[in-house]
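Student: what's the 3D shape of this:
(one chain, ligands or ions: 1)
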Amino acid sequence: MLKLILADMDVEAKVGEVLADIGKAKNNNMLADEFAGTGVGHRHELHAEIYANYQAALQRGNGVDFDDLLLKPYRVLMSDPDIRNQMQDRYQHIMVDEFQDTNALQFELVRVLGDVHRNICVVGDPDQSIYSWRNARPENMERLAEVLDGCKVFELSESYRSTKTIIAAASGLIAHNKRAIERVLFTNNEEGEPVEIGVTEHPEHEASVILDVVERRVRPKTGGDGPGDAQLRGDLDRFAVLYRTNAQSRAIETECSRRGVQYRLIGGVRFYERREIKDALALLRIVVNPSDETSLRRIINVPPRGIGPATLRKLEEYSVFNNVSLLDTMLLASDPSASHQLGLGRAALGKVRSFADFVTMLISNSEKHYPSDLLDYALKGSGYRDWVNKDEETRLERNENLKELESLAENYSSSDDGIEPRQALSDLLEHTSLFANVDSMDEGVGADETNVAVPSETTGAITLITLHQAKGLEFDTVFIAGANEGVLPHAMALNVQSQDDYEAACGEERRLMYVGMTRAKRNLHVTWSLFTSSSLYRRQNVPSQFLKEIPEENVKEVEYARVPGRSAPPPIAFSSSSGIAVDRPRFSSVRRREQREKFTEQGIDDLPVEMQLKAGQRVKHSQFGTGVVVNSRPVNGDLRVTVAFSEEGVKMLMASMAGLEKV
Ligand SMILES: Nc1ncnc2c1ncn2[C@@H]1O[C@H](COP(=O)(O)OP(=O)(O)OP(=O)(O)O)[C@@H](O)[C@H]1O
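Tutor: Numbering: from 1, shown residues only. Okay, here's the model as predicted:
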């Protein structure tokens, strides 16, 4: 929808940036005109204008976005005392978990709803705040204590989950963040094993190392035939592999498949994000809300029915110019003067009319037919079912998914409880909307056109999950994979404008690592890889800066691959299939300290020639253009460079990833 608005306005703006600004404004309780007044400059004015047009388009389509689901009720509560009283009376006790991840508007909603009875109980941990990019405000915890008179604060400092060593390791890491409250966790659990930090060759090798550890742990003392053994499969539930980005699951998935180890991929393509489910629900949504243009656009030419982009464009132009809905515009196709008005030829008009007639027929039938019959008819009548069946490769999976949706629709298809068919359809769609967006926050989630098989939610499988999604969960053994600089912390946190931005962004990445580490009950393994791949053209990685922040007395280092420049020979006995490590005795503390000091004290002259960028050096960047190095500092074998670009201003970059050319 936003792309269309930008095209109509004939302006160039980045969709992601505009949506982020609109979301931020809404989460901070600002309508478009209020947002306009909060800043200056061309970009701000443009985004404010786009926000206003976006809101008008939502209203035309009788729709709201997710942020409106907070903003609109809040505005109603604040402007209508009757509704406010009613709601305050209905919710006499309010409990909120993960309060550190609430935004400004959620805070206000809780405060207003609980203002009469004042029975508010919230739980949260500012050290686990990982959603600032969704406008979360960890300081809401302290603010609530300030605004609620007589509020009692209970410190929950005892961990019942993890071993002493894991708690100490995670606490040592998070102590590197600037924190408003320095919470000290303790546990009465056992001391436990040291946290294992393993260096591997490349992601495939890393996956292999992880699976080796799993296999060793689940292998029975006597009998059995490896993890394929039924008795052992239950064991696999105790393991989880955590990673920063969805894309990282590839290597681990492949290795699991290769070894026949069951895995459960969390955050892959979920049921409601699968293409056929979205298409089927779009058909039903138009029936309930004929002005829902997003849904109409989704299936107007799915399956292909000859209403191509050029025809759609003309329909949309007419719709926007005359301020009528897209479906109403399509219905004009029956009018004798339509060809002239819409600027469409006879063939195109016929196709538009035919589909518009089909949709109106569905709408009228929704008065008398319950959702399961209606869905069946919609899929057949629209040609969708035949279209799905044409694709040999995917038809089984897609039909199974549609069948599952029909089973759900059946739950809403009985006249026994006196609910009318149209109301039943609304109820069904409301149910699906709630589940369709639960926590689908992470990058990479929601692939649309190609469904990836998601292993069933059975027991007996390793969990593969992003760090963000692992929040709140716990496992006996946790692997944090890909602990490389640029991955964790993510490159986005490294390539920022200023030291303050860097500290804020890296602080959040550190909290993410902290969340990951505290998911482990007994064993924690953190791995990183020396190279980006096994190919000849691979690039060298740098270990995550977080690794050296974990107190060394809680760590055991294992070299599954030889680290260049380290004098000690790698204590590895490679098996024929993969690198099964023979544990290396720990460095003595003195030697380790010497090594670290050497590492951090490395000067610019020790770096590869192309990375030796000193103040005053002119450089060129593919995106930011030319600039001058203002400052540079070696960090962990890499170089943090501050560059003043003539067009784009000052940016802080990591030399290994920025691709800076000396000019
Ligand atoms: N009082 C208790 N006695 C024994 N075990 C407990 C107690 N409280 C919690 N646990 C156990 O400790 C573990 C962590 O508890 P819980 O998930 O409630 O913590 P949490 O504070 O929500 O953690 P996080 O926010 O880090 O996910 C669980 O396995 C839980 O069963």
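Student: CA atoms for contacts and neighbours, from now on please.
Tutor: Will do.
Student: Secondary structure element holding the residue of the chain found nearest the ligand?
Tutor: Closest to the ligand within the chain is G472: 3.4 Å, counting by Cα to the nearest ligand atom. Assignment of secondary structure by DSSP states H and E places G472 within no helix or strand.
Student: give the contact list for it.
Tutor: R519 (Cα atoms under 8 Å, 6 or more residues apart in numbering).
Student: Is R43 part of a helix or strand, or is it coil?
Tutor: Classification of R43 using DSSP: H, G, I helix; E, B strand; the rest coil returns helix.
Student: That one: neighbouring residues, count only.
Tutor: Neighbourhood size, R43 [other Cα atoms under 10 Å]: 12.
Student: let's have the chain start at 3 instead
Tutor: Sure thing, new numbering starts at 3, so read that last one as R45.
Student: For it, report the pLDDT, please.
Tutor: The predicted structure scores R45 at 89 on the pLDDT scale.
Student: and what of N401?
Tutor: pLDDT, N401: 84.
Student: Pretty sure it sits in a strand.
Tutor: No - read with three-state DSSP, N401 is helix and lies in no strand.
Student: That one reaches V390, doesn't it?
Tutor: Yes - in this structure N401 lies within contact range of V390 using Cα atoms under 8 Å: 7.5 Å.
Student: Compare those two (neighbour count), which wins?
Tutor: Each of N401 and V390 has its neighbours counted (other Cα under 10 Å); V390 has more, 18 against 15.
Student: so the more buried one is in which element?
Tutor: Going by DSSP H and E, V390 is in helix 386-392.
Student: what does that helix contact?
Tutor: Contact with helix 386-392 is made by V304, P305, L381, K382, T396, R397, R400, N401, as judged by Cα under 8 Å, 6+ apart.
Student: got the contact list for the last one?
Tutor: With contacts taken as Cα under 8 Å, 6+ apart, N401 has the following neighbours: V390, N391.
Student: Got phi/psi on T479?
Tutor: Dihedral angles of T479 (phi, psi; degrees, to the nearest 10) stand at phi -120, psi 130.
Student: Tell me how many other residues crowd it.
Tutor: 20.
Student: Spit out the contact partners of it.
Tutor: By Cα under 8 Å, 6+ apart, the contact list for T479 reads R240, F241, A242, A522, K523, R524, N525, L526, H527.
Student: How about R86?
Tutor: So R86 contacts V78, L79, M80, L115 (Cα under 8 Å, 6+ apart).
Student: Select from those residues the one having the most neighbours.
Tutor: Busiest of the contacts of R86 [other Cα under 10 Å] is L115, holding 25 neighbours.
Student: what's the spacing between the residue of the chain closest to the ligand and W530?
Tutor: G474 sits 24 Å away from W530, taking Cα to Cα, to the nearest Å as the criterion.
Student: can you check F37 too?
Tutor: Separation of F37 from W530 (Cα to Cα): 43 Å.
Student: Which one's more surrounded, these two?
Tutor: W530 (26 against 23).
Student: now the contacts of helix 386-392: which count as buried?
Tutor: Among the contacts of helix 386-392, the ones that count as buried by 16 or more other Cα atoms under 10 Å are L381, R397, R400.
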